[in-house]
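Undergrad: Turn this into a structure:
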Amino acid sequence: MTPLTCEQAITRFFGYLDRALRGEELQDLEAHLAQCLACCDKLAFSKQIDDFIKRRLPDQPPPEGLVARVRRALDRAGGEA
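TA: Numbers count the residues shown, from 1 in each chain. Next up, the predicted model:
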């Protein structure tokens, strides 16, 4: 198992929140989170965004481009870790 970088961990957040990660991918992320407080904070923020969107748009897909914009913002934030 190769440790994840913060950038790699951040790209897995929404899959983690949606419970879509399995096996080694899930284990790698959980191992990273166990050691990286900065990514734990970013995951908590990602969860807030995810919850907000799900509450506002429960039966609709997010507006076009929103997911890409959020991921780009998280990618930029990951570079600051």
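Undergrad: quick one: L17 and K47 touch, right?
TA: Yes. In terms of Cβ atoms under 8 Å, L17 counts as a neighbour of K47; the distance is 5.8 Å. In this view, the C-beta of every residue, glycine as well, is placed from N, C-alpha and C.
Undergrad: Please identify the buried residues of the one helix or strand R55 maps to?
TA: Here R55, judged by DSSP states H and E, is contained in helix 37-56. Within helix 37-56, the residues scored as buried using 16 or more other Cβ atoms under 10 Å are 39, 42-43, 46, 49-50, 53.
Undergrad: Need the nearest residue in space to the residue nearest to the spatial centre of the chain, chain neighbours excluded.
TA: The chain has F13 as the residue nearest its centroid, 1.9 Å off, counting by Cα atoms, centre = their mean. Leaving aside its chain neighbours, F13 sits nearest to S46 (4.4 Å; criterion: Cβ to Cβ, 6 or more residues apart in numbering).
Undergrad: give me every residue that touches the one you found.
TA: S46 makes contacts with 10, 13-14, 17, 74, as judged by Cβ atoms under 8 Å, 6 or more residues apart in numbering.
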